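**Q** Got a predicted structure plus its sequence, pasted below:
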Amino acid sequence: MAIRHLILRLFYNFLWVLGISVSLKNNRVRGWYGEWKAGSYLKGKDFLLIHKNWHSPLDARREIDLIAKDQECIVFIEVRARAKNSLNGGYHSINQKKRQSLLSACKDFLRLNYDNSANYRFDVIEVDLDQTNGNVLHHENVSLFP
């Protein structure tokens with residue numbers, strides 16, 4: 001099943017790169033589009049994308065949507081793709097359980113890949129979706145962790 005999803009995701013990415021609109025009624029496709037849109041936005045801001053959908057080898061439930069470099073800073077990015085008419089925005093939809101999971105995933109990534117001197121921050125990118133498109137709102141250096 002995972003290979004099927006990978007092939008579908010690559011197909012949709014190809015369509016989006018070509019500028020072909022795709023219906024965003026399916027939740028999975030909506031999430032893929034949000035991550036693709038966020039990645040495109042970050043590349044336009046000269047971020048270097050390091051990983052997409054990074055899963056910790058220590059616990060596969062710990063996942064980070066995008067990991068990028070902004071100059072010398074490692075940036076952990078949570079992407080929230082939501083309908084334009086949602087009652088609360090993507091930033092406010094991150095609950096305590098998700099925050100804890102993100103914190104654990106960030107610690108795992110740093111422990112496995114960098115020493116203690118690494119500069120890092122956490123960003124949230126909201127993608128407000130209509131039927132076939134999305135607008136990006138980037139929250140930089142978010143303090144999600146107490």
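**A** That came through fine.
**Q** Would you map the helices across the protein?
**A** With helices called from DSSP state H, the chain shows them at 2-17, 27-44, 96-113.
**Q** the inter-axis angle of the shortest one versus helix 27-44?
**A** Angle of helix 2-17 versus helix 27-44, following axes from the mean of the first three to the mean of the last three Cα atoms, to 10 degrees, is 50 degrees.
**Q** Pull out the buried residues from helix 2-17.
**A** 9, 12, 16 (16 or more other Cβ atoms under 10 Å). In this view, the C-beta of every residue, glycine as well, is placed from N, C-alpha and C.
**Q** Could you give the bridge partners of the residue nearest to Tyr120 when sequence neighbours are not counted?
**A** Spatial nearest neighbour of Tyr120, excluding adjacent residues (Cβ to Cβ, 6 or more residues apart in numbering): Ile74 at 4.1 Å. Counting by DSSP bridges, Ile74 is bridged to Lys69, Tyr120.
**Q** who are the neighbours in contact with Ile74?
**A** 50, 67-68, 110, 114, 118-121 (Cβ atoms under 8 Å, 6 or more residues apart in numbering).
**Q** what's Asp65 in contact with, if anything?
**A** 35, 38, 52-53, 77-79.
**Q** So, low pLDDT: which residues of this structure?
**A** Residue ranges of the chain with pLDDT under 70: 1, 86-89, 116, 131-132, 144-146.
**Q** Report the separation between the residue nearest to Tyr120 and Ile67.
**A** The spacing between Ile74 and Ile67, counted by Cβ to Cβ, to the nearest Å, is 7 Å.
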